[in-house]
Structure formats: structure tokens, C-alpha cells
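Colleague: just the structure for this:
(one chain, ligands or ions: 1)
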Amino acid sequence: MKASNLLILVLLTICFVFPLNYISLTAASADDRGVFDSQVNIVKDQWDPNDDTLAGAIPLPSISRTPQTHGPHTLGAVYTNGTKDTYDWVKVLLEGSNPPTKCYKFDTIGSTSGPSTYAGIWDSSGNLIWEPYPGDKPGDYGMGNCFRISFAPLYTGWYYLRIRTYVNAGQEKTYSLNYKELTWGDNLGSFNGVTVYSNGETTCGSFRYIPTGMMWQCVEYVNRYYLLKYAKDLGSGNARTYWTNRDAKGLIGYPNGLSTTPPAVGDIIVFDDPSGQYGHVAIVRSVDLAPGSMSIRICQQNCFNDARDVD
Ligand SMILES: [Ca+2]
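Modeller: As a prediction, this is how the structure comes out:
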């Protein structure tokens, strides 16, 4: 048995990578608010109407790993000239490179009523450069009334965030914007010389790719490990598919609880996902078969996103 050809399935009722991806906008409620807005002269917030355009974007204070909040803002105000407050623009100076080494998170988590917020990121020339789910609520992840974006810039400069209400722009909506730099890209240590990087938060998808996958998901680490240690290209796919597609990947599966072959260092552990979506993968880093202390240790990305991922 070659260590690189062993695959084990472990059924767990956890998903390390992403929460379930519900979409739960209540359209009837949103429509009701839209009618309501057109009939009431809502008091505008302190940044209106200047922040209605990119040119009037409100600069955010220097971004750091300490969470900060800007607001509250109220969208949907009807100005005395009859126009509406449809957009709020903010701008922020972000550090970037190609490939990126930093990732930032923007969200309106905490907003629990009214229509959902919706946002994208523009450059200083007014070009939309980041909208993780075009046509959908970007980064919403089923939180209903919020958006959430993680963004890894490819260059250093000013970036512009435009916030509006989802479906019907211009609806009344009060929200606060949360923002911070993630720990994404931090070197957490290494196993057999293959570096483990922090994904920042398990709920963040950077949507930045290197040949071994999305930086820094669990699958990317396993792919990079096999490429560097075994010169083996495992391809792509969500973590759980490393079990179901094991034949195509040139791997041999050993079902958990059924196989009598113990795992070996360098093997892949595949964790299933009860929702049938993402799952999780990790590399076996040590095996103890002694009676009484029988255990394995694993090395992984995007579980704890701290030193425990290599411990
Ligand atoms: Ca505005």
C-alpha cells in the first residue's frame, strides 16, 4: 500500500468549510416596504445625499484586523426634490498584490429587518471589479437581511463599495457596515515542508485561485501537498467529492468502519457534509496504532484557521 493511494471516509455531522447556503428573502415583505417608502418622506442620514455617487464616497478610517463599524445609514430616503437615496458609497484604502496576500471582509451582519442589503466593489474609474455572485445577493449566505463580502485585492489603492437594497433598489433600509482585515494568508506553520495558510474565517471564500485551488480552502492544501510530495494532480472539486471521485483522482478508498487497513501518514481524510455540499479534507500527519492510545493527527486548512490546523 502506498501512502498516497489511501483514502478514508469519515462521516461527521459537521461542515468546516461553509455554513448551509440558504436563500431566504421574503419578497412580500420587501414589496410592502417599497410601497411604504414611496409615500413617506423618510429622514435622510448624515452622509446623504453626498454619498449617493462614487465621487462622493465616504472614506472609511484605516482598515485593520480590529473590527470597525460605520453607520448607521438609512437608504431609501426621499429628498425634498423628490429623488431617492438609492445608493451609499464608501471608499477604503486596501493593500493588494498579485497573487494577493491580504483579504478584507465587509458585511452588514446584525441587520435583522427590512430588505436585504446588497453590495459590490468598484475601482476609482467606476468599473465593477468584485461581485462574488453576480445576479444573486453577493455573499449573503442566507442571512436574509445582510450581505457579506470577502475581498482579496490584486493591487494597493482605493476601492469603492456601493451598498443598495436587494431586488428593488431604493427601499427603506437602515444598516451599519462592519469591516476588517482577515487573518487570511497568515502562515500557520507547515507539515513536511508544505505551508498551511489561514483562510481568515471558515465562512470566507476568497474566490482567488492558484493552480492548486481557491486560496486558502481545505482542498487547496491537499492538492498542494499531493503535488509537492507525490507530483500528483488531484484536480478540483468540493472536499466531499474527493471520496466520491476517488477513482478518477487515482486514489483508493478505504471506508471508515469497514476497512481493516489503518491510515498512514500522507493519506487524505475526507469528511462528508450532511448537506451534500462542501465537506472537508485533511492530510494525515501522524498515526498511533498502539492499543490504548490509538489515534491519528491531521494537518489541514480552513478548520480553525490558527496554529491548531497544523498541530
Ligand atoms: Ca446615500
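
Colleague: rounded mean pLDDT for stretch 268-281, please.
Modeller: Averaged over stretch 268-281, pLDDT sits at 92.

Colleague: buried ones in it?
Modeller: For stretch 268-281, a neighbour-count test (16 or more other Cβ atoms under 10 Å) marks 268-273, 278-281 as buried. (Glycine included, C-beta is placed from N, CA and C.)

Colleague: dump those to CSV, plus secondary structure and distance to the ion.
Modeller: Supplementary listing: the buried residues of stretch 268-281 in CSV, determined by DSSP: H, G, I helix; E, B strand; the rest coil; distance: Cβ to the ion, whole Å:
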residue, secondary structure, distance to the ion
268, strand, 49
269, strand, 49
270, strand, 47
271, strand, 44
272, coil, 45
273, coil, 40
278, coil, 36
279, coil, 41
280, strand, 41
281, strand, 44
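
Colleague: okay, now the residue lying closest to residue 237 once chain neighbours are set aside: neighbour count?
Modeller: Spatial nearest neighbour of residue 237, chain neighbours left out: residue 245 (6.1 Å); criterion: Cβ to Cβ, 6 or more residues apart in numbering. Using other Cβ atoms under 10 Å, the number of residues around residue 245 comes to 15.

Colleague: same question for residue 254.
Modeller: So residue 254, with other Cβ under 10 Å, has 19 neighbours.

Colleague: just checking, it touches residue 261?
Modeller: Yes: counting by Cβ atoms under 8 Å, residue 254 does reach residue 261; the two are 5.3 Å apart.

Colleague: near the ion, which residues of the chain are found?
Modeller: Counting by Cβ under 5 Å from the ion, the chain comes close to the ion at 48, 51-52, 85, 88.

Colleague: repeat the analysis, applying 8 Å as the threshold.
Modeller: 44-45, 47-52, 73, 75, 77, 85-89 (Cβ under 8 Å from the ion).

Colleague: got the contact list for the residue nearest in space to the middle of the chain?
Modeller: In the chain, the centroid-proximal residue (Cα atoms, centre = their mean) is residue 204; its distance is 1.9 Å. Under the criterion of Cβ atoms under 8 Å, 6 or more residues apart in numbering, the neighbours of residue 204 are 103, 105, 150, 182, 184.

Colleague: now, among the residues you listed, which is nearest to the ion?
Modeller: Looking at the contacts of residue 204 and their distance to the ion, the nearest is residue 105, at 22.0 Å (Cβ to the ion).

Colleague: is the closest one in a bridge, and if so with what?
Modeller: Applying DSSP bridges to residue 105 gives these bridge partners: residue 150, residue 180.

Colleague: what residues are up against it?
Modeller: Counting by Cβ under 8 Å, 6+ apart, residue 105 makes contact with 148-151, 178-182, 200-201, 204.

Colleague: okay, and the nearest residue in space to residue 193 that is not next to it in sequence sits in which element?
Modeller: Take residue 193 and drop its neighbours on the chain: the residue closest to it by Cβ to Cβ, 6+ apart is residue 228, 7.4 Å away. Using DSSP states H and E, residue 228 sits in helix 218-230.
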